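K.L.:
All I have is the shape, not the residue letters:
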């Protein structure tokens, strides 16, 4: 006789999980005169909202296209020293991945995994607000320990994303 109560609990749990999955949102071309938005350290909960901020540190306008399996933010451009950000909730089983394709004038076209688990969600350098400066040799993420953009990574090796 306890089975209907278990099914109801399971049903409610499934509704809760599907309600709080990805749901990415964006903020368009927000100027960053004094650096990135303040980092968020408050929660490392699997359901905590994550924000990815991209800051143009190239010295000229950058075109980019960011997306995931479920969300596509379209082709955009970012003015010098400006930023753009989006927010999302991590996937339940830790497979969240957002990648961006960048066209850097007089440098080339590259792509990078701008949010990738487990790199950005665990360990010493996890982040809820993952702020990246886009630079010619690759993106550099804000380090909450040193308060510098010194977590630098090379561009992904395969240049032909599209």
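P.N.:
Perfect, I can see it now. Just so you know, these numbers come straight off a predicted model, no measurement behind them.

K.L.:
could you point out which element follows the helix-or-strand element of the chain with minimal mean pLDDT?
P.N.:
Lowest on mean pLDDT, DSSP states H and E among the helices and strands of the chain sits strand 25-31, with a mean of 50. Note on strand 25-31: by DSSP states H and E, the next helix or strand toward the C-terminus is strand 49-56.

K.L.:
what mean pLDDT does that following strand have?
P.N.:
Taken as a whole, strand 49-56 has an average pLDDT of 95.

K.L.:
just checking, what packs against it?
P.N.:
If contacts are counted by 3 or more CB pairs under 8 Å, 6 or more residues apart in numbering; DSSP states H and E, strand 49-56 sits against strand 62-67, strand 82-89, strand 108-116, strand 129-134. Every residue, glycine included, has its C-beta placed from N, CA and C.

K.L.:
contact partners of it?
P.N.:
With CB atoms under 8 Å, 6 or more residues apart in numbering as the test, strand 49-56 has contacts from 32, 36-37, 40, 62, 64, 66, 78-90, 96, 98, 100, 114-115, 120-121, 127-134.

K.L.:
Put the buried members of those residues into a ChimeraX selection.
P.N.:
Selection of buried members from the contacts of strand 49-56 for ChimeraX, criterion 16 or more other CB atoms under 10 Å:
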select :32,36,37,62,64,66,78,82,83,84,85,86,87,88,89,90,96,98,100,114,115,120,121,127,128,129,130,131,132,133,134
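
K.L.:
could I get the helices and strands packed on strand 49-56 as a markdown table with mean pLDDT?
P.N.:
As requested, the helices and strands packed on strand 49-56 are arranged in a markdown table below (pLDDT from 0 to 100):
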| stretch | mean pLDDT |
| --- | --- |
| strand 62-67 | 97 |
| strand 82-89 | 94 |
| strand 108-116 | 95 |
| strand 129-134 | 96 |
